[in-house]
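Participant: Fold the following and give me the result.
(chains A and B)
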Amino acid sequence: MFKNVFSSLRQQFRIWLFRPKIESGSVTLNQRRIFIIPTRQGLGFVCVLLVMLLGDINYNLSLGYVLTFLLGTTALMTMVHTFRNMAQLEIRAGRTESVFSGEMAEFVFHFHNSGKLARYQLRLNSSSGEEIIFDIAARQGREVKLPIPATQRGWLSSGRLTLSTEFPLGLYHAWSYLQFDTRCLVFPKPSPPHPLPQRSAPNGAGKLTVTGDEDFAGLRNYVAGDPLPRIAWKALAREQGLQVKQFSSPQGQELWLEWGHLPALSAEHKLQILTRWILDADAQELQYGLRLPDIELAPGQGALHRLECLRALALCGLPR
Amino acid sequence: MKLNAYFIYGLLACVVLISAPHAEHLPLWVSLVSALLMVWRGYLAYSNKPLPQRGLLFMLMAGSVGGIFITFHTLFGREAGVTLLTLLAALKLMELRSARDATIVLYLACFILITEFFYSQSLFTALLMLVTLMIILATWIHLHSGSLAFVPRIRIAGMILLQAIPLTLILFVLFPRVQGPLWGLPQDAYANTGLDDKMSPGSVGHLALSDEVAFRITFNGTPPRRSQMYWRGPVLWNFDGQTWTPGKSTFGQYKPPRLDNLGLPFDYIVTLEPHNKTWLFTLEMPTHISIPAGFTYDFQVWQKTPVTARLRYTAHSQLSYRANDEEDQRQLQRALMIPMNLNPRAQILAAQWRANSANDEEITRKALTYFNREGFQYTLSPPPLGTNEVDDFLFETRKGFCEHFASSFVFLMRAAGVPARVVTGYQGGEYNDIGNYYIVRQSDAHAWAEVWFSGRGWVRIDPTAAIAPARLEQGMAAALPKTDSTTLPWMSRSHISWLSTLRFNLDSLTNQWNQWVLGYNPERQFAFLTRIGMEEITWQSMAFTLLGGIALLVGLFTFFMLRKLTTLNTDKVQKLYLTFCAKLAKKGIVRGMHEGPQDFAARAAQIKPLLASPIANITELYVALRYTNQIEAGALQRLSRAVAAFKL
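Facilitator: A predicted model of the protein is given here:
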């Protein structure tokens, strides 16, 4: 019973001690943020020192006392050195580029060391186990990229990061928890190539057949995901490499990528196909619009439009 | 982390540095195996080849342990333990696969480093220890600092060590000392050098070749003459024709020694090197000693336990005395015993002296005259003697060292019916005028005789003085013939002035080192703490002062270490400008957050029109220094002067 109370108290204490604080802006590591404990090697070293001390006493080794005390106080002082290796570092979260699900999201952090001392062997760990080790020179800043796997579409937070160090002798482990409000937008993973739907009239009512040849605008190099019918087989036969026929999309002809027109698949699968379509349509420089259950984006073109569409897909059905 | 070649070289350097001083006393094969393993490891690191298989390593390990067992017949104890550890360190190098293995090697290195002090604790060893520790630390830092270059690593290691040294000093002075040993020590814990309590021909002579220090003496007040310095050791009563031994008093009752006719005592401090024997050396005749020790009926000073650590004591001695003039008859009988069937010619000679002499004193004089006149020689290399060794010496070879003279003299005295005994110890001592103390070396070992005269008690007679008086006044080198003195240790040979100054300096340093560092035992600690003004020396107060001191120093270090981290962003120019603003602020002209320097200057000039020109000047200089590329030479100084001169 007491054990239970004690363990729950300890749990409470841990929660209080390591309570997450989500930071925006920059964080300066001070003594309130840095925790320090001896490592297993540190405890091992204490055992070695104790054996030495016993030997000194037993054999009356005066110089042995000197050596034991030197090693002991060295071990003591390295605690300050370990702490100092992290103290007063300034950390700011940087902008993180969006990625597709299944890729690695590279979270960027800017470290700044305004002190006269270089910092060595700092480790930045994510809660999912990724690790990056780096040094920072004196009076310098440094950008650190921590890759975290993006497994799900939507917002990916960097989670609680641990910055730690065991410099200089590995006898102590100093660490600090960092939780920034930085997040990375994860787009759905594009599905394998899937033919684009047919284009429709501006009003979106009737359908026009794509005659193709008449609007032929030229050739461009093949990009993964280009639909097969557009490959310029003749050009390939002339050994000009794999090229794709480009068609200018005349005004008034637009491509609607619609959730509703997809067959009965799981929602995630549908989003994946839509993602693939957006990529393909963008590669072909088509005018395309996106219609999702909760949002409709008017046809458009260009990087910004593409991003907006992908963002809509990433956050479809999720809180924004 | 991956262990790169440079790190391996660092570890190799550590292991070489800790093994090399041991090479002297390790079995040769162990040194060779270690050296081979290290060369092999260095080659593997250099050529980036894989480490040997575990099976091979296991065989090497088993072979090494077996070899050690065969050499020492045990795996425990000091010698075998040190050997095993040294080999283990070399073997572990062959098995470096992770940072953990490297850490084990480093810990092992620290541990082996301490075992060196079993063999030597000299100043030189201490310096070597510091260098080794530095390399170990630098390698250790390498393990945790990745690509850091050698020089900054050494700098960090040096920094940490420099911080550790004052902390160590506090610990060394205040850490409560316990007189060891805590448990039984193996027999080989201490070396046996120095005088034995047996004397046979050659036993003192072999010590003459050693310049090891036996003890050092500081006199409080005037020292006696060198020829008067007889440092009394074991007294030998029994003679079996070959060897003199202390023997046992056949009657149980212990009779304390008695001294009469005393003058002013000599007061001196002896620092005795450990000799693993129970007797202590004092000037003849001792009357008082500062440590718990017993006086025997024949004026020896004994301790209950062997002297295994350097021992310091104060003693008082009398040079003019009357020692036991009412000696027990049974003791006197003991002092007359000789093996009757040996040395017939000596016995006849003694009988002649007895017949032709009026008293005991005359017999003694005759014996000394005999030694002086009959062509006896004082030499370190006497010819061997037969069964009747006293006869052989007295009538055949006539060449001998002090033990020959003492032994035959006492034999003659006893044969003539004069109670006599052999006393061993040291004679003389070398004065070190730099440290103001005397050094007594093993080469000063000596043997002399004591004869009992009724009414005068035991009187010292040194037969060596009759044949080589220079031995007492100037030391052995002066007394021995030229051919002999070349075999003497360097230290005992005649003096070359600058060389002797140098070695006196060195010995003085060694003496200080021995007194304060190596001889820092519970008594010394107590005395020292009292002297520096600690009033109540208890376990608790020491611990309290110790922890307080450590906390204070660590706090101080931490303060200075962390100060380096927070450098204020204000540069000199900014600082000067802020001073200027502060001066204005005192008069109520406070610069607003939104105000640029020029706007602020304009507003300030409006409020204080009299100061318009200095304000404009300062602002102009500040803006130029801060925001323009071309900065005139001396602009900063001018700004500094202008701000200093700015008064409201």
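Participant: The closest residue to chain A within the stretch 351-500 of chain B: how many residues sit nearby?
Facilitator: Going by C-beta to the nearest C-beta, chain A is nearest to B:G435 of the stretch 351-500 of chain B, at 19.5 Å. Every C-beta, even on glycine, is put in place using the N, C-alpha and C of the backbone. B:G435 has 19 neighbouring residues, counting by other C-beta atoms under 10 Å in any protein chain shown.
Participant: How about it, nearest residue that isn't a chain neighbour?
Facilitator: B:S508 (3.5 Å; C-beta to C-beta, 6 or more residues apart in numbering or on different chains).
Participant: if I look at the one you found, how far off is B:I439?
Facilitator: Distance of B:S508 to B:I439, given as C-beta to C-beta, to the nearest Å: 10 Å.
Participant: Pick out whichever of the two has more residues nearby.
Facilitator: Higher neighbour count among B:S508 and B:I439: B:I439, with 23 against 18, using other C-beta under 10 Å.
Participant: My guess is the residue of the stretch 351-500 of chain B closest to chain A contacts B:F504. True?
Facilitator: Yes: with contact defined as C-beta atoms under 8 Å, B:G435 counts as touching B:F504 (7.4 Å).
Participant: Quick check: neighbours shared by these two?
Facilitator: When C-beta atoms under 8 Å, 6 or more residues apart in numbering or on different chains defines a contact, no residue borders B:G435 and B:F504 alike.
Participant: so what's the residue of the stretch 351-500 of chain B closest to chain A up against?
Facilitator: B:504, B:507-508, B:511-512.
Participant: Need those in a markdown table (columns: pLDDT).
Facilitator: Shown next, in a markdown table, are these (pLDDT from 0 to 100):
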| residue | pLDDT |
| --- | --- |
| B:F504 | 77 |
| B:D507 | 80 |
| B:S508 | 83 |
| B:N511 | 79 |
| B:Q512 | 82 |
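Participant: In ChimeraX, how would I select the buried members of these?
Facilitator: Buried subset of the contacts of B:G435, written as a ChimeraX selection, criterion 16 or more other C-beta atoms under 10 Å in any protein chain shown:
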select /B:504,507,508,511
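Participant: Name the residues contacting each of B:S508 and B:I439.
Facilitator: B:N432.
Participant: Look up phi and psi at B:R322.
Facilitator: Reported as degrees, to the nearest 10, the phi and psi values for B:R322 are phi -130, psi 110.
Participant: of all the contacts of B:G435, which comes closest to chain A?
Facilitator: Distances from chain A to these, taken by C-beta to the nearest C-beta, are shortest for B:Q512, at 13.3 Å.
Participant: Does that closest one lie in a helix or a strand, and which?
Facilitator: helix B:497-513 (DSSP states H and E).
Participant: Chain B contacts on the stretch 101-250 of chain A?
Facilitator: A:114-117, A:120-121, A:133, A:135, A:139, A:166-170 (C-beta under 8 Å from any C-beta of the partner chain).
Participant: Of those, which qualify as buried by neighbour count?
Facilitator: Buried, going by 16+ other C-beta under 10 Å: A:114-115, A:117, A:120-121, A:135, A:166-170, out of those.
Participant: B:Y268 and B:T218 touch, don't they?
Facilitator: Yes: using C-beta under 8 Å, B:Y268 is in contact with B:T218, at 6.3 Å.
Participant: From B:Y313, how far out is the residue nearest to B:G435?
Facilitator: Distance from B:S508 to B:Y313, by C-beta to C-beta: 20 Å.
Participant: same thing with A:R160?
Facilitator: 67 Å.
Participant: Among these two, which residue is more densely surrounded?
Facilitator: Comparing A:R160 with B:Y313 by other C-beta under 10 Å, the one with more neighbours is B:Y313, at 20 against 16.
Participant: And the more buried one, which helix or strand is it part of?
Facilitator: Per DSSP H and E: strand B:311-317 holds B:Y313.
Participant: Now do the buried residues in that strand.
Facilitator: B:311-313, B:315-317.
Participant: do the same with stretch B:550-567
Facilitator: Here stretch B:550-567 shows B:550, B:553-554, B:557-558, B:561-562, B:565 as buried, counting by 16+ other C-beta under 10 Å.
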